[in-house]
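Asks: Generate coordinates for the sequence data below:
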Amino acid sequence: MGSQGPALFDVKRIAIIGAGPCGLSAAKYLAAQKAFESIVVFEQQSEVGGVWNYSPKASSTLHVPQVSASIPPDPPIEPEGTAPVFPSPMYQVLHTNIPRALMRFSDLPFPEDSLIFPTREAVQDYLVAYARDIRHLIKFSTQVLDVRLRQGETGKDQWDVDVRSLMTGEITSATYDAVVVASGHYSIIYIPEIKNAAQFHKTYPGIISHSKLYRNSESFADKKVVVVGNAASGLDIAAQISRVCQQLLLLSVRTPTPPANLAHVGAEEVSLIEEFLVSERGIRFQDGRVEKDVDAVIFATGYLFSFPFLASFNPPLISNGRQVNGLYKDLFQMDHPTLVFPGLPIKVVPFPLSESQAAIFSRTWANLLPLPPLEEMKRWEREEAGKRGLSYHVWPKGGDAEFINAVHDWISQSKTAGKEPPHWDDEQIWERKIYFEAKLKFEIEGRSAKSLEELGFQYRPDEWENPAPEIL
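Replies: Here you go, the predicted structure:
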């Protein structure tokens, strides 16, 4: 990322938006840097956790189709006590897809008696424990309304941040030298445009929904159900519903599901939906198949990136909702690098990855790890756009392991002050390679295993060789 050069930043006051995993790790690394005067974390919920902070009630907001990122975020659902609660995408029975040895932050293991794939409740408790030593930095029930760039006469970027107390309604403003956007990626849902979808939804409200609104399988008993999408949430939700629905659940997919996973789900795989048939309360699939009298269609089709509090940023950070524009290494806003976006990469192990990212920007803002020239950063983005295509922030398999270890090695070699980022040993990289198969075995065997060995997965160093990562 460049050679040692003159100090470029004058960062004293930092705002972090969100107290989920990325916001918490950012606060830890920035505080450990001991180079900044003030760090504040704004969290709209009354507790840390981000998406892991479960809300029993789901969102009541649903647009069909939903292809634009430029819509307001969900309003709070019914207050619990005195603090408003914002809807989470978590459902009632959920386990991580990632073994706890990978899921963890580097300085806090999960309890030894945890399941190998912890429950959502266990992860939330873990995040509350992780936040204990930085809790004093967090302003709870505080919603960020607007973040505006201010450029002074010296050319130094600063950021005016407006926030509202959700307890009193009071709006206050303050100016910061840097902003960490850790507001998450599970707010604005994506439901594709499909012929007659809007009319079908208007005629039969409640049939079409999204995985964000799912809580449990009870309401799908004895119903004819279609789940669209076979990523982790689609398969998990389909497996839960298939046990209670009327007939074989239909799983509508773009690419085939691995046979073992499809067998566990207990579903029949069908093609993508071509159109909704309003008069028949039905669906025509792309291969011509027609299903009538459908009772439920759940789109497990993901989310769009959205930052409503950065609406004034120019040029816009978001176009199609699939990519955050103008970022170097999926992290630094190139023209204004005191604005960072940790946690954007998809199909990664997020907690340790967020630590690696925090280790970089905390040192960069302390002038210990300089960024390369602007043109070099822009060239990097152009080259990556050509390689990555539409799924811009979806990293290749193993990309997280390579990044985590490359960052650790790079920072170790630079001998800079600050909190040490994580490093995965060969056993952890092996776990990263096999965890998809292990999670399926965990589900099949009743979700009770506390180790990979119980599931029949044994690490053997003599049979596993891992190549060294490339330095960034």
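
Asks: Over to residue 211: give its phi and psi.
Replies: phi -60, psi -30 (degrees, to the nearest 10).

Asks: Please apply the same query to residue 307.
Replies: phi -130, psi 80.

Asks: Pull the contacting residues for it.
Replies: 181, 183, 317-318, 324 (C-beta atoms under 8 Å, 6 or more residues apart in numbering). To be clear about C-beta, it is placed using only N, CA and C from the backbone, and glycine gets the same treatment.

Asks: 10 Å - rerun?
Replies: 17, 69, 73, 144, 147, 181, 183, 187, 313, 316-318, 324, 341 (C-beta atoms under 10 Å, 6 or more residues apart in numbering).

Asks: pLDDT below threshold where in the stretch 101-250 of the chain?
Replies: 152-154 (pLDDT under 70).

Asks: Report how many residues lie close to residue 37.
Replies: The tally of other residues near residue 37 (other C-beta atoms under 10 Å) stands at 9.

Asks: quick one: it from residue 182, how far?
Replies: 20 Å (C-beta to C-beta, to the nearest Å).

Asks: just residue 295 next, same as before
Replies: Taking C-beta to C-beta, one finds residue 295 at 39 Å from residue 182.

Asks: which stretches of the stretch 251-400 of the chain form strands?
Replies: Counting by DSSP state E, counting those that start in this stretch, the stretch 251-400 of the chain has strands at residues 267-270, 273-277, 282-285, 290-291, 296-299, 303-304, 327-328, 332-333, 339-340.

Asks: hang on, the earlier thing: more neighbours: residue 295 and residue 182, which one.
Replies: Legend: neighbour count by other C-beta under 10 Å for residue 295 and residue 182, higher for residue 182 (28 against 17).

Asks: residues touching that one, list them.
Replies: Here residue 182 is in contact with 16-27, 41-43, 50, 340-343, 354, 357-358 (C-beta under 10 Å, 6+ apart).

Asks: Give me the mean pLDDT for stretch 288-296.
Replies: For stretch 288-296, the mean pLDDT works out to 97.

Asks: quick revisit: so which of the strands of the stretch 251-400 of the chain is the most packed in?
Replies: strand 339-340 (a mean of 26; mean count of other C-beta atoms under 10 Å).

Asks: Residues contacting that strand, please?
Replies: Under C-beta under 10 Å, 6+ apart, the answer for strand 339-340 is 16, 22, 26, 147, 149, 157, 159, 178-182, 310, 313, 317, 326-329, 331-333, 357-358, 360-362, 364-365.

Asks: check contacts around the residue lying closest to residue 291 once chain neighbours are set aside.
Replies: Nearest residue to residue 291 in three dimensions, chain neighbours excluded: residue 283, at 5.1 Å (C-beta to C-beta, 6 or more residues apart in numbering). Neighbour list for residue 283: 194, 196, 200, 226, 228, 250, 252, 270, 273-277, 289-292, 294, 297 [criterion: C-beta under 10 Å, 6+ apart].

Asks: just to revisit the earlier point, just send the contacts of residue 307 back as CSV, with distance to residue 258 too.
Replies: Putting the contacts of residue 307 into CSV (distance: C-beta to C-beta, whole Å) gives the following:
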residue, distance to residue 258
17, 37
69, 31
73, 35
144, 41
147, 42
181, 35
183, 33
187, 30
313, 41
316, 38
317, 35
318, 33
324, 31
341, 32
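
Asks: Among those residues, name the buried ones.
Replies: 17, 69, 73, 144, 147, 181, 183, 187, 313, 317-318, 324, 341 (16 or more other C-beta atoms under 10 Å).

Asks: any idea which of the residues you listed is the one closest to residue 120?
Replies: residue 187 (17.8 Å; C-beta to C-beta).

Asks: looking at it, the closest one is touching residue 309, isn't it?
Replies: No. Contact criterion C-beta atoms under 10 Å: residue 187 and residue 309 do not qualify, at 11.8 Å.

Asks: can you list residues touching both of the two?
Replies: Contacts common to residue 187 and residue 309, judged by C-beta under 10 Å, 6+ apart, are residue 73.

Asks: Strands of the stretch 51-200 of the chain, residue ranges please.
Replies: Using DSSP E, counting those that start in this stretch, the strands of the stretch 51-200 of the chain run over residues 77-80, 83-85, 138-139, 142-151, 157-165, 171-176, 178-181, 188-189.
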